[in-house]
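# Quick one, fold the following:
(one chain, ligands or ions: 1)
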Amino acid sequence: MTINQDILNYDELKDYLNTEFIGRNIIHFDELNSTNTYAKSIASDLDKEGQVVITEKQLSGRGRLGRQWVSQNNKGIWMSIILKPQINIADISKITQVAAAAINLGLSSHSVKTEIKWPNDIILNNKKICGILVEMNSEKNISTDISEAVKINYVVVGIGINVNNDIEDFPKELRETATSIKIETNKEFKRNTLVAEVLNNFEKLYIALKNNNFSKSLDICRKNSYVIGKEINLIKNQEVKEATALNINDEGELVVMYKDGKVDNIISGEISVRIRKNK
Ligand code: BT5
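Purely as a prediction, here's the structure:
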């Protein structure tokens, strides 16, 4: 079996997992439109959190804001983690930072040193190797007196990592900005150990978040930030604003300074960040 034929089912993963509940139930497909879409279709019926959906190929992988995620081959990791966090709705965006920190740690244990481009990209040698797509389903909680209270039904954390992809696997228009671990290191990696490392780290950091301890994930996102200290464009609904990225605050928001000196905290939501120049 060559490395890029390893199959990402539970049997292939379990020896490397040291989690309690994340990834202890894995639904594995040879082919799926999108692991996030599938995960959302089953999440409401699940009592417990931690279930993982993995596919060898995605036919219509999704990015944020209706964008596409190229994942039609079995050389990467295309997976979704289903969570049922009983946390404040304002803290949901922190889960993207938790996932980014877990991926950064998981890959660094294989000597792959990545940077985190706030809010949801993982960068290797200035190119994107991974994207994170967090989606949530919630409803107004009618059983409480607090009128604004919201019940989170589920959160799906979609993770796409280009592992053994070759440059020809990316469409021409992405070849300047996208890359894989194999392209950058000249080595093929066993995807199952990488998946397990990401899930192992994710569980630790996610449990910490649920216990109101976001600082570990934050530390990793700050120390490995691809954005802090750089001149950036903030893009929202076609509108572009020039700014300098100053920091990530304790809430996981990006602190920026506009040209007129005004400082602002940016919530990840609908914003895209483009680096203008490295300082
Ligand atoms: C993301 O969106 O980066 C989130 C990607 C999440 C993918 C996972 S795979 C498992 C799960 N199931 C899904 O259906 N999705 C999740 P965004 O920040 O919007 O970036 C999308 C942009 O990244 C595209 O418009 C392209 O420019 C670029 N892109 C697309 N495919 C790529 C790839 N394989 N590698 C690097 N860049 C890519």
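
# phi, psi of residue 55?
Main-chain dihedrals, residue 55, degrees, to the nearest 10: phi -130, psi 150.

# same question but for residue 266, I mixed them up
phi -100, psi 130.

# Export only the CA atoms of the lengthiest helix in the chain, formatted as PDB.
Counting by DSSP state H, the longest helix found in the chain is helix 191-210. What follows is helix 191-210, C-alpha atoms only, in PDB (Å, rounded to 0.1, in the frame of the first residue of the first chain):
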ATOM      1  CA  ARG A 191      -2.700  10.900   6.600                       C
ATOM      2  CA  ASN A 192      -4.000   8.800   9.500                       C
ATOM      3  CA  THR A 193      -1.400   9.900  11.900                       C
ATOM      4  CA  LEU A 194      -1.900  13.500  11.000                       C
ATOM      5  CA  VAL A 195      -5.700  13.200  11.500                       C
ATOM      6  CA  ALA A 196      -5.200  11.600  14.900                       C
ATOM      7  CA  GLU A 197      -2.700  14.300  16.000                       C
ATOM      8  CA  VAL A 198      -5.100  17.000  15.000                       C
ATOM      9  CA  LEU A 199      -8.000  15.300  16.800                       C
ATOM     10  CA  ASN A 200      -5.900  14.700  19.900                       C
ATOM     11  CA  ASN A 201      -4.900  18.300  20.100                       C
ATOM     12  CA  PHE A 202      -8.400  19.500  19.300                       C
ATOM     13  CA  GLU A 203     -10.000  17.600  22.100                       C
ATOM     14  CA  LYS A 204      -7.500  19.100  24.700                       C
ATOM     15  CA  LEU A 205      -8.000  22.700  23.500                       C
ATOM     16  CA  TYR A 206     -11.800  22.300  23.100                       C
ATOM     17  CA  ILE A 207     -12.200  20.900  26.600                       C
ATOM     18  CA  ALA A 208     -10.200  23.900  27.900                       C
ATOM     19  CA  LEU A 209     -12.500  26.300  25.900                       C
ATOM     20  CA  LYS A 210     -15.500  24.700  27.500                       C
END
